[in-house]
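Engineer: please work out how this folds:
(2 chains)
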Amino acid sequence: MQTAVMETTAKRPHQGLEIKNVSKLFQSEKGPVKALDGINLHVRSKEFLTLLGTSGCGKSTLLRIIGGLETASSGTISYKQQELRGAGSDRGMVFQNYTLFPWLTVLENIEFGLKQKNVPAKERREIAEKYVDLVALRGFESLYPKSLSGGMKQRVAIARALANDPDILLLDEPFGALDMQTRELMQELLLNVWQQSPKTIIMVTHDIDEAILLADRVVVMSARPGRVREIIDVGLERPRDHHTRLTQEFLQYKERASELIREESLRLMNAI
Amino acid sequence: MAEKTTAVPAAALTTKSAKRETGNKSMFGDKITAAFQPKGKIKQNTAMILGIVAFLLILILWSGLSYGKMVDPLFLPTPTATLQASLQLFGSGFWTDIGMTVFRVMTGFVIAAVVAIPLGVLIGTYAPISAFFEPVFSFVRYMPASAFIPLFIFWIGIGESEKVAIIILGSLPQLVLMTATNIRNVHSSLIEVSYTLGTNRKNVLWKVILPKAMPDITDTLRIVLGWAWTYVIVAEMVGASSGIGFKILQAQRTVDVGKIFVGILILGLIGLMIDNLLLFLNKKLYPWNE
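Structural biologist: This is a model prediction of the structure:
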């Protein structure tokens, strides 16, 4: 059931992203709060990994640390055996809230990263056009973000991150603000995009279905402090689509993940 | 009727009026009730008519009081007398005074803006610069510019520089602090996402923060320019020999209330024109802005 990608990368562990003993302390008014506690993870090259957990489990914090937008209190993150420090265009990111540049058109938004790298205008345009097609936004290239719907904005954000050709794509609940119908379509679009241009993707979500449908592996996190509770190997056949949600196998994975999340939620409730 | 009104929140009103069937008058009443909902909307035409009615009411009140001789005409001239006063004023070089006032405001304001905007941008972007400058400007902001007139006459004299200095003093701290706020309002996630797209710390100000803040900064300019108009008039009432403020003061000395009226009305009209021009420019320059 394992995909070919995973078999090959398993033989070359140094190819992936290595998260070693990462902890994060926040200073609050009541004193230090441990958001993440000794996270160890190996993310394989071209793997689709989802971080699943209740709100406040530190999954977004972990993603932000990987993205270089926050620093770990202790521990290291390295990619291809190089320690990562600070943000960089090798790790593209898509946030939940709409972070398109409002003064740029759809096409200019997608070109933004390439412009920072001084890619010549003509080449830039060609690459951006390609990603416009990939996220099905043909005909909307010259619009400003203000006239786009929520789903379209997130498609631009994904295209903008991909156009930069990052090694790793970090997604922080990118579909969290969308309605359910749009969200499901976006999940399929993302699967399709990933199939066409494979990348290492780490995606944070609290949506159990989403986590299972997309991922090679689901990392279920425990809450306060955030720890790796369990890693679920999702053996569902690819390519996956909306039919996958209805299979017996899918439901089995869902049951397992739901159980874990429920336990964590209950633990959190009793702690309060 | 019942079918039509399902699931529409405002439907309750429509059903009520239909049931009562009391004709046009109560329909109008219902419209009024609906229009007075908090955050409710009215038609653009209705809004314009209401605006014009307010002006007309003032004109009627003014006419009634003055033509009806309810107030001494020395203190409240009739609209006709005011019109005559304006013809007199414009016949005796009022354009030059308007020009002088506009020139003073613009000179002072442009100098203030050239200094204040870069400073405000730096204060809004970098914490150490903010910590150094902000307390001073926050303090100066609360010192009324007009209170500095006697001091500035001592220091600078009663020439043009003194008038311009008052305008600079009045508008600069406001511009600095408001620009800094405009810059701070740029959401940090926009900056973060630009880092993940390869923007570095040096470029982020030019590539992300400034473009995003430009419409707000333009709006700040518009608001503070409005305030600068009030400073120039005060400055022109002390030790000036030209300008709209000077003409108003002169009219007071000769008890010519009609000319005072004209001076004030002209100030309002110019202010309104500039304000609308800048609003229009803002829309043209930043079509992407929501």
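
Engineer: going forward, measure contacts between C-alpha atoms and count neighbours the same way
Structural biologist: Will do.

Engineer: where's the residue in the stretch 101-250 of chain A that chain B sits nearest to, which helix or strand?
Structural biologist: Taking C-alpha to the nearest C-alpha as the measure, the stretch 101-250 of chain A has A:Gly113 as its residue closest to chain B, at 4.8 Å. When elements are defined using DSSP states H and E, A:Gly113 is found to belong to helix A:106-116.

Engineer: now A:Leu260
Structural biologist: Using DSSP H and E, A:Leu260 falls in helix A:248-271.

Engineer: pull that helix out as PDB, backbone CA atoms only.
Structural biologist: What follows is the C-alpha trace of helix A:248-271 in PDB, where atoms were taken according to Å, rounded to 0.1, in the frame of the first residue of the first chain:
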ATOM      1  CA  GLN A 248     -14.400   1.500   4.500                       C
ATOM      2  CA  GLU A 249     -10.600   2.000   4.700                       C
ATOM      3  CA  PHE A 250     -11.000   5.700   5.000                       C
ATOM      4  CA  LEU A 251     -13.600   5.400   7.800                       C
ATOM      5  CA  GLN A 252     -11.200   3.100   9.700                       C
ATOM      6  CA  TYR A 253      -8.500   5.700   9.600                       C
ATOM      7  CA  LYS A 254     -11.100   8.300  10.600                       C
ATOM      8  CA  GLU A 255     -12.200   6.300  13.500                       C
ATOM      9  CA  ARG A 256      -8.700   6.000  14.900                       C
ATOM     10  CA  ALA A 257      -7.900   9.700  14.400                       C
ATOM     11  CA  SER A 258     -11.200  10.700  15.900                       C
ATOM     12  CA  GLU A 259     -10.700   8.600  19.000                       C
ATOM     13  CA  LEU A 260      -7.300  10.200  19.600                       C
ATOM     14  CA  ILE A 261      -8.600  13.700  19.000                       C
ATOM     15  CA  ARG A 262     -11.600  13.100  21.300                       C
ATOM     16  CA  GLU A 263      -9.300  11.900  24.100                       C
ATOM     17  CA  GLU A 264      -7.200  15.000  23.700                       C
ATOM     18  CA  SER A 265     -10.200  17.300  23.700                       C
ATOM     19  CA  LEU A 266     -11.600  15.600  26.800                       C
ATOM     20  CA  ARG A 267      -8.300  15.800  28.600                       C
ATOM     21  CA  LEU A 268      -8.200  19.500  27.700                       C
ATOM     22  CA  MET A 269     -11.700  20.100  29.000                       C
ATOM     23  CA  ASN A 270     -11.000  18.400  32.300                       C
ATOM     24  CA  ALA A 271      -7.800  20.400  32.700                       C
END
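
Engineer: so which elements touch it?
Structural biologist: Taking 3 or more C-alpha pairs under 8 Å, 6 or more residues apart in numbering or on different chains; DSSP states H and E as contact, the helices and strands that helix A:248-271 lies on are helix A:208-214, strand A:217-222.

Engineer: which one of those is the most hemmed in?
Structural biologist: strand A:217-222 (a mean of 25; mean count of other C-alpha atoms under 10 Å in any protein chain shown).

Engineer: average pLDDT across the helix or strand following that one?
Structural biologist: Proceeding N to C from strand A:217-222, the next assigned helix or strand is strand A:227-233, under DSSP H and E. On average, the pLDDT along strand A:227-233 is 91.

Engineer: tell me the contacts of residue 192?
Structural biologist: Since you didn't name a chain, this refers to chain A. The neighbourhood of A:Asn192, defined by C-alpha atoms under 8 Å, 6 or more residues apart in numbering or on different chains, contains no residues.

Engineer: that's the wrong chain, I meant chain B
Structural biologist: Residues touching B:Glu192, when contacts are defined by C-alpha under 8 Å, 6+ apart, comprise A:Leu69.

Engineer: from B:Asn182, how far out is it?
Structural biologist: When distances are taken as C-alpha to C-alpha, to the nearest Å, B:Glu192 and B:Asn182 turn out to be 18 Å apart.

Engineer: middle-most residue in the chain, spatially?
Structural biologist: The chain I'm using is chain A. Central residue of chain A (C-alpha atoms, centre = their mean): A:Met203, 2.2 Å from the mean position.

Engineer: the intended chain is chain B.
Structural biologist: For chain B, B:Gly226 is the residue whose C-alpha lies nearest the centre (C-alpha atoms, centre = their mean; 4.3 Å).

Engineer: show me what whichever strand or helix holds that residue is packed up against.
Structural biologist: When elements are assigned from DSSP H and E, B:Gly226 belongs to helix B:210-236. If you count contacts as 3+ C-alpha pairs under 8 Å, 6+ apart, helix B:210-236 packs onto helix B:94-125, helix B:160-184, helix B:244-253, helix B:257-285.

Engineer: that helix: which residues count as buried?
Structural biologist: Within helix B:210-236, the residues scored as buried using 16 or more other C-alpha atoms under 10 Å in any protein chain shown are B:210-236.

Engineer: please apply the same query to stretch B:69-85.
Structural biologist: B:73, B:76-79, B:81-83, B:85.

Engineer: near residue 47, how many other residues are there?
Structural biologist: In the absence of a named chain, this looks at chain A. Burial of A:Glu47 is recorded as 22 neighbouring residues (other C-alpha atoms under 10 Å in any protein chain shown).

Engineer: ah, I was thinking of chain B
Structural biologist: Counted by other C-alpha under 10 Å, the residues lying close to B:Ala47 total 12.

Engineer: contact partners for the residue lying closest to A:Leu104 once chain neighbours are set aside?
Structural biologist: Across the structure, with C-alpha to C-alpha, 6 or more residues apart in numbering or on different chains as the measure, the residue nearest A:Leu104 apart from its sequence neighbours is A:Tyr144 (6.3 Å). By C-alpha under 8 Å, 6+ apart, the residues touching A:Tyr144 are A:102-106, B:288.

Engineer: same check, this time on A:Leu170
Structural biologist: With contacts defined as C-alpha under 8 Å, 6+ apart, the neighbours of A:Leu170 are A:63, A:67, A:91-94, A:201-203.

Engineer: at 7 Å what do you get?
Structural biologist: Contacts were defined as C-alpha atoms under 7 Å, 6 or more residues apart in numbering or on different chains; by that measure A:Leu170 touches A:63, A:91-94, A:201-203.

Engineer: so which of those also contact chain B?
Structural biologist: Among those, the residues lying close to chain B (C-alpha under 7 Å from any C-alpha of the partner chain) are A:91-93.

Engineer: hang on, the earlier thing: Serialize the contacts of A:Tyr144 to TSV and add fields for distance to B:Phe137, neighbour count and pLDDT.
Structural biologist: TSV is the format used below for these (distance: C-alpha to C-alpha, whole Å; neighbours: other C-alpha atoms under 10 Å in any protein chain shown; pLDDT from 0 to 100):
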residue	distance to B:Phe137	neighbour count	pLDDT
A:Pro102	31	19	96
A:Trp103	31	19	96
A:Leu104	34	19	96
A:Thr105	38	20	95
A:Val106	40	28	95
B:Trp288	32	18	94
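
Engineer: quick check: the farthest pair among the residues you listed?
Structural biologist: The two members of the contacts of A:Tyr144 with the most space between them (C-alpha to C-alpha) are A:Val106 and B:Trp288, at 11.4 Å.

Engineer: coming back round to it: by neighbour count, which of the contacts of A:Leu170 wins?
Structural biologist: If you rank these by neighbour count (other C-alpha under 10 Å), A:Met93 sits at the top with 32 neighbours.

Engineer: just the pLDDT at that one, thanks.
Structural biologist: So, for A:Met93, pLDDT stands at 94.

Engineer: what helix or strand does it sit in?
Structural biologist: In this structure, A:Met93 is located in strand A:91-94 according to DSSP H and E.

Engineer: hmm, back to that, and the helix holding A:Gly113, what does it pack against?
Structural biologist: Under the contact criterion of 3 or more C-alpha pairs under 7 Å, 6 or more residues apart in numbering or on different chains; DSSP states H and E, the helices and strands touching helix A:106-116 comprise helix A:121-134, helix A:150-163.
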